[in-house]
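>>> Build me a model:
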Amino acid sequence: MAEKKLKITQIRSIIDNPERQKRTIEALGLKRIRHSVVHQDTPQIRGMITKVKHLVAVEELTA
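Sure thing, here's the model as predicted:
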């Protein structure tokens, strides 16, 4: 069975956002606007996405 993966893309700037949100974006591995990373679909990653949902776009990938 294929594991679900999430493609996370930063769509907005982290400038003028709280430090905690900046660290969450960094922990997800995002560097700049339009930069994308792929992560396993885990509750921890989903929680991080929820905290910065206004800054990122998420796509579900199935391999």
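>>> The most centrally placed residue in the chain in helix, strand or coil?
The chain has residue 8 as the residue nearest its centroid, 4.4 Å off, counting by CA atoms, centre = their mean. Secondary structure, DSSP: H, G, I helix; E, B strand; the rest coil: residue 8 is strand.
>>> Which strand residues bridge it?
As for beta bridges, residue 8 partners with residue 37, residue 58 under DSSP bridges.
>>> excluding its backbone neighbours, what's nearest residue 4?
residue 41 (4.0 Å; CB to CB, 6 or more residues apart in numbering). Any C-beta I mention is one placed from the backbone N, CA and C, and that applies to glycine too.
>>> Same check on residue 21?
The shortest distance from residue 21 to any non-neighbouring residue, by CB to CB, 6+ apart, is to residue 52 (5.3 Å).
>>> which residues does that neighbour contact?
21, 24, 25, 28 (CB atoms under 8 Å, 6 or more residues apart in numbering).
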